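Chemist: Here you go, sequence then predicted model.
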Amino acid sequence: MPALLLQTSPDEKPSYEHATVEPFPGFRVAPWFGLRVEGETNVAFEPEIEAAFDSERLRYVPTYVGVRAGEVNGTMLRTVRVTDYLRMGARLCIYVTSEVDGDDDADRAPLAVLFDYHADEPIFGDLFPRHALSAGPTEWALQHVAFSYVFALLSADPPAKAVQRDLGLSPSTADNWIARAKTLGLLTPSSEGTDPMPQIEAWRRVMRPFGGMTGDE
């Protein structure tokens, strides 16, 4: 497994305290990250990427890409998988808080660490009871749809495809359920200034099986 050397501040180790941007109620991200990948299989260099969070587009955008090697050549630069490395770093910069003001003092880990999943796997893993989907787009299912969508959007992953993967839905069903989640206000950005509690409560419900966001209930 490659080593991911992440910074969320130029001179400090990654920390929840650096997650000062709240693009969706309860979801917090670091405004900047730098990532270097060491020891990747069949890669003769160490790729580096820096990215900044774009609050208008609600996603990270790369601001610097480079490589480290004994001797750098043009082929190395052309083969840097920018999108893959952007996702690797972004996933480790996303946190969830159960407090509206974000000042709760619980220990925090990035969502990607709490879920402990690989990039192409459903984020909810086997904990998500797929048989419940036969009941249709219940409030509980739509909360998972919204959580999957937001996490994917913030981590530079196509959100509709992520919902298909995470909930085992067909493309048309995923699109329908995403639209329903939007109608419930579960996909409303913080910038719109609506009541954050429906989203906060939804994230609590989704996170409960993972041991997160239960202390203040």
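Modeler: Perfect, I can see it now. Numbering: from 1, shown residues only.

Chemist: Would you map the strands across the protein?
Modeler: With DSSP state E as the criterion, the chain has strands at 3-7, 21-24, 27-29, 32-38, 46-54, 59-68, 94-96.

Chemist: Residues in contact with stretch 42-53: which ones?
Modeler: With contacts defined as C-beta atoms under 8 Å, 6 or more residues apart in numbering, stretch 42-53 is touched by 21, 23, 29-38, 40, 59-69, 72, 76, 80-82, 85-86, 89-90. C-beta: built from backbone N, CA, C; applies to glycine.

Chemist: Okay, buried residues for that stretch please.
Modeler: Going by neighbour count (16 or more other C-beta atoms under 10 Å), the buried part of stretch 42-53 is 43, 45, 46, 47, 48, 49, 50, 51, 53.

Chemist: The protein: helices as residue ranges?
Modeler: For the chain, the helices defined by DSSP state H occupy 74-78, 82-91, 111-115, 139-154, 159-167, 171-183, 197-207.

Chemist: Which of the ones you listed sits closest to residue 15?
Modeler: Of all the helices of the chain, helix 111-115 sits nearest to residue 15, with 13.3 Å by C-beta to C-beta.

Chemist: Report the distance from that closest one to the chain centre.
Modeler: Computed by C-alpha atoms, centre = their mean, to the nearest Å, the separation of helix 111-115 from the middle of its chain amounts to 9 Å.

Chemist: Any idea which helix or strand in this protein has the lowest mean pLDDT?
Modeler: Here the helix or strand of the chain ranked lowest by mean pLDDT, DSSP states H and E is helix 111-115, holding a mean of 75.

Chemist: got the buried residues for it?
Modeler: By 16+ other C-beta under 10 Å, the buried positions in helix 111-115 come out as 111, 112, 114, 115.

Chemist: now, the most widely separated pair of these?
Modeler: Farthest pair in those (C-beta to C-beta) is 112 and 114. Separation: 7.5 Å.

Chemist: Reformat the strands of the chain as TSV; add mean pLDDT and distance to residue 124.
Modeler: Putting the strands of the chain into TSV (pLDDT from 0 to 100; distance: least, C-beta to C-beta, whole Å) gives the following:
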stretch	mean pLDDT	distance to residue 124
strand 3-7	86	22
strand 21-24	95	18
strand 27-29	93	16
strand 32-38	93	25
strand 46-54	95	25
strand 59-68	94	22
strand 94-96	90	14
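
Chemist: Alright, I will stop here.
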